[in-house]
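Asker: sequence first, then the predicted structure, then my questions.
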Amino acid sequence: MKFVQIIEFETERLEEMQQVLEEAGQRDTGRAGGPTRSMLLKDRDKPTRYLALIEFESVEEAMRNSDDPETSAMAERLNALSIGDRVYTNCDLLDVRDLK
């Protein structure tokens, strides 16, 4: 079953965060077990609040990715660019539909 992790965070340094994520995306391209899709959402009512949705083939793949030292290093860099703590929500993906 596919797995999605939602990461809620605040930052005033989004461009720097996006650079860190771009570097990680380049590292993950073609790598087995890494994220398969990501989405970044910005809260229209609170402009420093964001939600990142990261999709994996399974919860096991996500946990292996989480245990990777490079993932830990990236998380530390992102944490330094965040305001306060990030909030993680772990979800099983039950259904996806293209509506158009």
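Answerer: On my side now, so go ahead.

Asker: ok, how many other residues are close to Leu51?
Answerer: Neighbour count for Leu51, taken as other C-beta atoms under 10 Å: 15. C-beta here means a position set from N, CA and C on the backbone, and glycine is covered the same way.

Asker: same check on Pro35?
Answerer: Pro35: 20 neighbours (other C-beta under 10 Å).

Asker: so it touches Ser58, yeah?
Answerer: No: using C-beta atoms under 8 Å, Pro35 is not in contact with Ser58, being 11.8 Å away.

Asker: what does the host helix or strand of Glu15 contact?
Answerer: Take DSSP states H and E as the rule and Glu15 turns out to sit in helix 14-28. The set of residues external to helix 14-28 that reach it, using C-beta atoms under 8 Å, 6 or more residues apart in numbering, is 11, 34-35, 38, 40, 50, 70-71, 74, 77-78, 81-82.

Asker: quick check, nearest of the residues you listed to Arg97?
Answerer: Each of the contacts of helix 14-28 was checked against Arg97 using C-beta to C-beta; the closest is Ser38, at 19.0 Å.

Asker: okay, and the beta partners of the closest one?
Answerer: Counting by DSSP bridges, Ser38 forms beta bridges with Ile54.

Asker: neighbours of it, how many?
Answerer: Per other C-beta under 10 Å, the neighbour tally for Ser38 reads 16.

Asker: for Asp45, see how far away it is.
Answerer: For Ser38, the distance to Asp45 (C-beta to C-beta, to the nearest Å) stands at 22 Å.

Asker: likewise for Glu16?
Answerer: For Glu16, the distance to Asp45 equals 23 Å [C-beta to C-beta].

Asker: for Ala73, same thing?
Answerer: Where Asp45 is concerned, Ala73 sits at a distance of 33 Å (C-beta to C-beta).
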